[in-house]
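A.B. asks: Could you look at this predicted model? Sequence included:
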Amino acid sequence: MVRTKIEKTYPHWFEDDLLNEFDSLGRLIRFEAGDLLIDLNQIIDGMPILISGVVKILREDFDKGELLLYFLEKGDTCAMTMACCLGDKQSKIRAIAETNGEMVMIPITKMDKWLAKYPSWRKFIFDSYNKRLDEMLAAIDNLAFNDMNARLKKYLLVVAGINNGNLVIKTHQEIAYELNTSRVVISRLLKALEKEGFLELNRNEIRIL
């Protein structure tokens, strides 16, 4: 079952022998929206490959709040998790399911061996790491150079895009939590964006216009 799902996610990507190893060693995990998948300081024993759904990756700040780093979607893996796997360290991030979905957990005991043995796995890891690094740099730039209004707009567009439409089904408090600010600030900015014609506010739902 694991082999079939990975083949559908990455057609003609991995060697046949590696697909067989996925099938014998990989663990298929189904999750629901809101599930805590990886917690801060957790010992990592596997690396996830997302088969379906969306997972948000959060980092704790100095004030014990949290900051959204990026979203994982179909076919993605997590650079922060990979770093912990390769370095045998505790998790530095929190992963929470944004939607229902499933993922395959690859045992970390095989990662070094597969990097040397399978060119497709090596390319997958390096490509994934570079993609996540670009997203984290974009998150840093967003914090350093964009005001909260610009950050909120970008966040809403990303979340709406993940949902394949123009809806963001979140409360003002949930948005504030992920952008590491207060609900009052988010509510004020959303009202201003509504007056600009950028969006329409409904109960626990925001429609991008």
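C.D. replies: It's in.

A.B. asks: Give the buried residues for the one helix or strand residue 124 maps to.
C.D. replies: For residue 124, the host element (DSSP states H and E) is helix 119-145. Buried positions in helix 119-145, judged by neighbour count with 16 or more other C-beta atoms under 10 Å: 121, 124, 125, 128, 129, 132, 135, 136, 139. C-beta: built from backbone N, CA, C; applies to glycine.

A.B. asks: lowest-pLDDT helix or strand in this protein?
C.D. replies: helix 79-87 (a mean of 63; mean pLDDT, DSSP states H and E).

A.B. asks: what about the strands in the chain?
C.D. replies: 27-31, 36-38, 46-52, 55-60, 66-72, 94-97, 101-107, 167-168, 199-202, 205-208 (DSSP state E).

A.B. asks: could those go into JSON lines alongside mean pLDDT?
C.D. replies: Output for these, formatted as JSON lines (pLDDT from 0 to 100):
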{"stretch": "strand 27-31", "mean pLDDT": "92"}
{"stretch": "strand 36-38", "mean pLDDT": "89"}
{"stretch": "strand 46-52", "mean pLDDT": "88"}
{"stretch": "strand 55-60", "mean pLDDT": "84"}
{"stretch": "strand 66-72", "mean pLDDT": "80"}
{"stretch": "strand 94-97", "mean pLDDT": "90"}
{"stretch": "strand 101-107", "mean pLDDT": "90"}
{"stretch": "strand 167-168", "mean pLDDT": "88"}
{"stretch": "strand 199-202", "mean pLDDT": "88"}
{"stretch": "strand 205-208", "mean pLDDT": "89"}
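
A.B. asks: quick one: which of these is nearest residue 178?
C.D. replies: strand 66-72 (4.3 Å; C-beta to C-beta).

A.B. asks: Please name the strands paired to that closest one in the sheet, noting orientation.
C.D. replies: Using DSSP bridges, strand 66-72 pairs in its sheet with strand 55-60 (antiparallel).

A.B. asks: Now the strand it pairs with - C-alpha only, PDB.
C.D. replies: Provided in PDB are the C-alpha atoms of strand 55-60 (Å, rounded to 0.1, in the frame of the first residue of the first chain):
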ATOM      1  CA  VAL A  55       0.400  20.500   7.400                       C
ATOM      2  CA  LYS A  56       1.500  23.800   9.000                       C
ATOM      3  CA  ILE A  57       5.000  24.100  10.500                       C
ATOM      4  CA  LEU A  58       5.400  26.400  13.500                       C
ATOM      5  CA  ARG A  59       8.400  27.600  15.400                       C
ATOM      6  CA  GLU A  60       8.300  28.800  19.000                       C
END
